[in-house]
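Asks: okay, sequence plus prediction incoming.
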Amino acid sequence: MAADVFDRLVVLLSDAKAKFRVIEHEAEGRSEAISAIRGNRPDQAAKAMVLDVRGGGGGKRNVLAILPGNRKLDFNAVASLFDARKCGFASPDTAQELTGCVMGSVPPFSLNPALAIVVEQDLLANETLFFNAGRLDRSMELDTKDWLAIAKPRIAEIAAKP
């Protein structure tokens, strides 16, 4: 299934005429380690996490949160953004079911309409973004403006203060 996500991303980006490149590397899903392997700064890495957001006026839903690779999530900020009482990580099974990817390989795209995307605004200061592309042994570098146009994320302050 992970190869399917990678192939779907290549088609999506190619059809949109996005500026991207594929980077093949040893299998790795940890943000700091993969940034060192790819040669990018950790703040250029688009780290994707599947969250459970529930309670309050928003009901229960799943959200794909995108952060710089060197930042941690502010769960309360995400809960507030979605008018919820609680926010936490989705179970690995739920995350894999929603994304088609194993943990550490989730790209910053939702290929599932049930998964809303929110991005930390600080990540958008980068000209290009680096991310694992549905596989632990494949990454992509993508023009940030192209990512915004294709992914259409909600932009907010969702990272914990450093």
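Replies: Okay, I see it. Numbering: from 1, shown residues only.
Asks: so which residues of this protein form strands?
Replies: 20-24, 46-54, 61-68, 86-89, 115-120, 128-135, 138-143, 154-156 (DSSP state E).
Asks: which residues does the first one contact?
Replies: The list of residues contacting strand 20-24 from outside it, by Cβ atoms under 8 Å, 6 or more residues apart in numbering, reads 10, 13, 38, 130, 133, 137-143, 146. No exception for glycine: its C-beta is placed from N, CA and C like everyone else's.
Asks: ok, 6 Å please
Replies: 13, 38, 139, 140, 141, 142 (Cβ atoms under 6 Å, 6 or more residues apart in numbering).
Asks: run through the residues that contact residue 103.
Replies: residue 92.
Asks: so it versus residue 91, what's the distance?
Replies: Computed as Cβ to Cβ, to the nearest Å, the residue 103 to residue 91 distance reads 10 Å.
Asks: returning to what we had before: looking at the strands of the chain, spot the one closest to residue 6.
Replies: For residue 6, the closest of the strands of the chain is strand 128-135, at 4.1 Å, according to Cβ to Cβ.
Asks: what about that closest one, distance to the chain center?
Replies: How far strand 128-135 lies from its chain's middle: 8 Å, per Cα atoms, centre = their mean, to the nearest Å.
Asks: now do stretch 99-109
Replies: In terms of Cα atoms, centre = their mean, the centre of stretch 99-109 is found 7 Å from the chain centre.
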